[in-house]
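>>> I need the structure of the sequence given here:
(2 chains)
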Amino acid sequence: MAEIPRQTVTPAPLATSLGTASRSSAVADVAGLHVAFRREGRNLQALRGVDLRIQSGEIVGLVGESGSGKTVLGLSMLGLLPKTARTEGTVMVDGVELNGADESTRRRLRRRALGAVFQDPMTSLDPTMRIGRQVQEVAGSTAEALRLLEAVGIPDAQRRLRDFPHELSGGLRQRVMLAIALAARPKLVIADEPTTALDVTVQAQVLALFRRMRDEFGCAILLVTHDLAVASTVADRICVLYGGLVAEVGQVRAVLDHPGHPYTAALMASRIGLHADRDSQLPVIAGEPVQPSSDPVGCNFAPRCPAAAVLCREQRPALAVVSKHGGLAACHFQAGEDVARTLSTIATPWVAAASGRSAGNVTVHRLSVRFPGRRGLRRSEPFDALSDIDLSVAPGEAVALVGESGSGKTTLLRAIAGLQAPTSGRVDLGGGRRPQMVFQDAGSSFTPWLTVGQQLEERVAHLPATVRRERVLEALARLGLPGEVSRVRALQLSGGQRQRAALARAVIEPPDLLLCDEPISALDASLAATVLNLLGRLRRELGFAMVFVTHDLAAARLVADRITVMTRGRIVEEGTPDTVISQPSNPYTQTLLASVPEVATCP
Amino acid sequence: MLRFLLVRTVGALGVLLALVTVVFLLQTAVPGDPVRASVGVNASDEVVARERERLGLDKPLPAQYASYLGQAVQGRFGESLRTGRDVRDDIGAFLPATIELASFSIFLAVGGGLLIGILAVVSSRFAAPARLLFVGGASVPSFLLALILIYVFYFKLSWLPLSGRTSLASAPQGPTGLLLVDSLLSARLDAFADAVRHLILPAMALALVPAVAIGRVLRSSLIEVYRADYIRTLHAKGLAPRSILWRHALRNALSAPLTMAGLQLGLLLGGVVIVEAIFAWPGIGLYLNQSIAFGDLRAIAGVTLVVGAGYVVVNSLVDLAQAAADPRIRL
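Reported below is the predicted structural model:
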């Protein structure tokens, strides 16, 4: 990797506790920020009075689930909120008030002091311009663009200057985004879920790069993420948002070891980590996030909080110092550690598995899938998605297929489902019924104009109408959904309800084999944990076998009896979760394992 | 690139071969006897038979087709029944006027389309008139538009001339046959201005509908591009709206309007026939009109093939433009 020339900016000392550093060293200071959108006559509150100060040269991890307002907070610090947003409060960035500033003021500030990295590197670069020029647009000269591309670790940068974005991998594109963000020598970089769309191994590299950038370019970084572990691996401080308010903010270690807010504790407890307890369900706090259209009087989190008291429902708690650890938490009782203890003791053991079925011993025999290269004007080489795969799934067994993008895990799943014809080899379902599938995006797996009930009924169409309806209600109830859900359309449900409805559809007629394609990778931590718990319960209750495709070794370890690691269309390792996780024999598995971000690996 | 040209050339030859065949079959299928028509109603049967033999029309159909094809390859369609001259020479004489009108119209259609599309997105003042233009422009056929233009700009305002290519007796005659080029080459600015004034009305009649179609597609495609993630990246870079439009958004939005341009410019070439007749524009459209009235199938065949070739050329240029705009398209 190329040398990164030292900048003249001396890296500021890592900010100590909030409030003790002088105001002048803050590169960004948000105070009392309210942001609301008006949609269909309703007032949707994205931020309900947020205070956050970022010192120069520090990395702040902004953690929250979807709908918490974390992206809106990031955009408001970039001065990039949509015109329809109504804001109140102050957003000072590098001495400039952004709230109410005109477009050219905001533009000058962005040009001078801000950088941005967004979630999807596939769509965040102009597809019609060479990457060299895209960096140069901000950097000023080709030489400077080259230096930046080398600095962010783009191999052979001189040649890459003339590449278009589609010629680069996702990881390289995100590095280009980072080069662009750094080109203006910003004082603050806002990175919104910069690694969510990347493979785990690439994520680890990019996260390491963020730390180096801060050390060598001296810029502060606001790392917006839904993943507490991602934040904890690079951030100096963590700020947890819940329902448009700061729930907790403080030094990483203090927040992780001594959470003051019950929500922080819940986030950590439900996180799918490599060390979670396999023998019991993940502890999850029930309930749905705050509705943006509602305006609770008391604490946002009170309806879901195990420690909530009358006071919590009547009065909104202010940020207060968490006893002796320096962080701030918005909880009347600083109940975080109590809730953490409670959650760790209420482990719900798994129900006993139903007696195993005899039908459906699935075997995959020397399966290969080759995608032909394109013919005609532009020829390309054929691509071997799967080469000589042997796999067997016993009745009632859960097998996890783990791999990164391009490993062939989804192709294998599709071949088992009968959706992909093999080039050679065969799939034998052992006399079992046609497998059912659960997809990553539960929303788009429902037909938008049919009710959930109608779509569940389709699976039991052979039964008389009255029985059908009974079965639908029974399936919904099994997934903890009220009967009313059968009468609405999928789009009217929340993300969690939709994923449950998709599961209900899959098990209304219990299959012998359930195929899951990354069912939790797009979900927030608590929701992901809920779905994993549901899958674990359902397969024990109904006794079906399961093939679970994931890029996440930690999730694989929790759901599966056996883990199969794939890369480049081949199986490179196979074994029980404990063996694969604790004694991985294949170097690729070892790399994967080392890349999984863990809350405990915080520096 | 080379492969693209090769494939395109083969494709063009295919199109032209199909055209030749259709035209040939039409000639044999239409009722009436062209030979009788050419030698005169009063000619004796013997004269007609001799003429038929001279033209090779007494041979069986496949043989006629083979020899027709052989002639067509050399650009020979035989004598025009109406003018008595070689069709190739006729077309050669009329073609420059059409090339001039068509290129000018295409320039207006594409340029105007881009302008309308961009203005409709970036200017809030233009948004309402743009909507009106999009609805109106899409529903006016070119012959009606031609009549409206004549009424307004010739009868009412007397700003522009009614017909022809020039009103000057001493307009330059060569070397290209394109008046705009020739007048510049011979440094005759008066002739140049006069030629432009004559071009405006017919070109507008031809260009308005395609321009509106291109503009409308560009507008919706620009709006979509402005919602893309990379536009947010550009804002975050601190680029001015002008750079975002001209350097990034426009190029990304070009694909759909270019496809539309390919379709519309093909139709424009067909519209030339009517518009030339209305404005007495001495091009192959006018020639075709007169030939149709006379049942002069050889002339019709020649013009059809020339227009067909023009269509292939225009569409190849559109494909090249598309590939130039989007690096993900490889030729």
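>>> Next, residue B:42: secondary structure please.
Three states are possible here, and by DSSP: H, G, I helix; E, B strand; the rest coil the one that applies to residue B:42 is coil.
>>> what number of residues lie near the closest residue to chain B within chain A?
Of chain A, the residue with the smallest distance to chain B, taken as Cβ to the nearest Cβ, is residue A:111 at 2.9 Å. Where you see a C-beta, it was placed from the backbone N, CA and C, and this is true even at glycine. Burial of residue A:111 is recorded as 16 neighbouring residues (other Cβ atoms under 10 Å in any protein chain shown).
>>> again with residue A:576
Residues contacting residue A:576 under the criterion other Cβ under 10 Å number 13.
>>> What of residue A:88?
13.
>>> need the residues of the stretch 1-150 of chain A near chain B, please.
Selection of the stretch 1-150 of chain A residues close to chain B by Cβ under 8 Å from any Cβ of the partner chain yields A:78, A:80, A:107-112, A:114-116, A:118, A:120, A:123-129, A:137-138.
>>> run the last query once more with 6 Å
Within the stretch 1-150 of chain A, the positions adjacent to chain B are A:78, A:80, A:107, A:110, A:111, A:116, A:123, A:124, A:125, A:126, A:128, A:138 by Cβ under 6 Å from any Cβ of the partner chain.
>>> Sort out for me which of those residues are in helices.
A:78, A:107, A:110, A:111, A:138 (DSSP state H).
>>> The last one against residue A:182, yeah?
Same thing as residue A:138. No - with contact defined as Cβ atoms under 6 Å, residue A:138 does not count as touching residue A:182 (9.0 Å).
>>> Tell me which other helices or strands the worst-scoring helix or strand of chain A on mean pLDDT touches.
With mean pLDDT, DSSP states H and E as the measure, the helix or strand of chain A carrying the lowest mean pLDDT is helix A:336-345 (a mean of 82). Other helices and strands packing on helix A:336-345, by 3 or more Cβ pairs under 6 Å, 6 or more residues apart in numbering or on different chains; DSSP states H and E, are helix A:262-270.
>>> Heading C-terminal from the helix it packs on, find the next helix or strand.
Where DSSP states H and E defines the elements, the next helix or strand beyond helix A:262-270 is helix A:310-314.
>>> what lines up beside the following helix or strand past that next one in the sheet?
The helix or strand immediately downstream of helix A:310-314 is strand A:320-321, counting by DSSP H and E. When sheet partners are counted by DSSP bridges, strand A:320-321 sits next to strand A:328-329 (antiparallel).
>>> quick one on the thing from earlier: which residue packs closest to the residue of chain A closest to chain B, ignoring adjacent ones?
The spatial neighbour of residue A:111 that comes closest, neighbours along the chain excluded (Cβ to Cβ, 6 or more residues apart in numbering or on different chains), is residue B:238 at 2.9 Å.
>>> picking up where we left off before, out of the residues of the stretch 1-150 of chain A next to chain B, which comes closest to residue A:416?
Proximity to residue A:416 was ranked across the residues of the stretch 1-150 of chain A next to chain B by Cβ to Cβ; first place goes to residue A:123, at 31.1 Å.
>>> any idea how chain A splits into domains?
Under the assignment named as automatic domain parsing, the residue ranges that make up the domains of chain A are A:23-257, A:262-273+A:281-345, A:351-435+A:511-596, A:444-510.
>>> Show me which residues of the stretch 201-331 of chain B sit near chain A.
Proximity of the stretch 201-331 of chain B to chain A, by Cβ under 6 Å from any Cβ, involves residues B:229-230, B:233, B:235-238, B:248, B:251-252, B:326-328, B:330.
>>> mind running it again at 10 Å?
Within reach of chain A by Cβ under 10 Å from any Cβ of the partner chain, the stretch 201-331 of chain B has these residues: B:225, B:228-241, B:243-244, B:247-255, B:324-328, B:330-331.
>>> Just the pLDDT at residue A:16, thanks.
Per-residue pLDDT puts residue A:16 at 38.
>>> circling back: the residue nearest to residue A:111: what's it in contact with?
Taking Cβ atoms under 10 Å, 6 or more residues apart in numbering or on different chains as the contact definition, residue B:238 lies against A:78-79, A:106-116, A:137-138, A:184, A:186.
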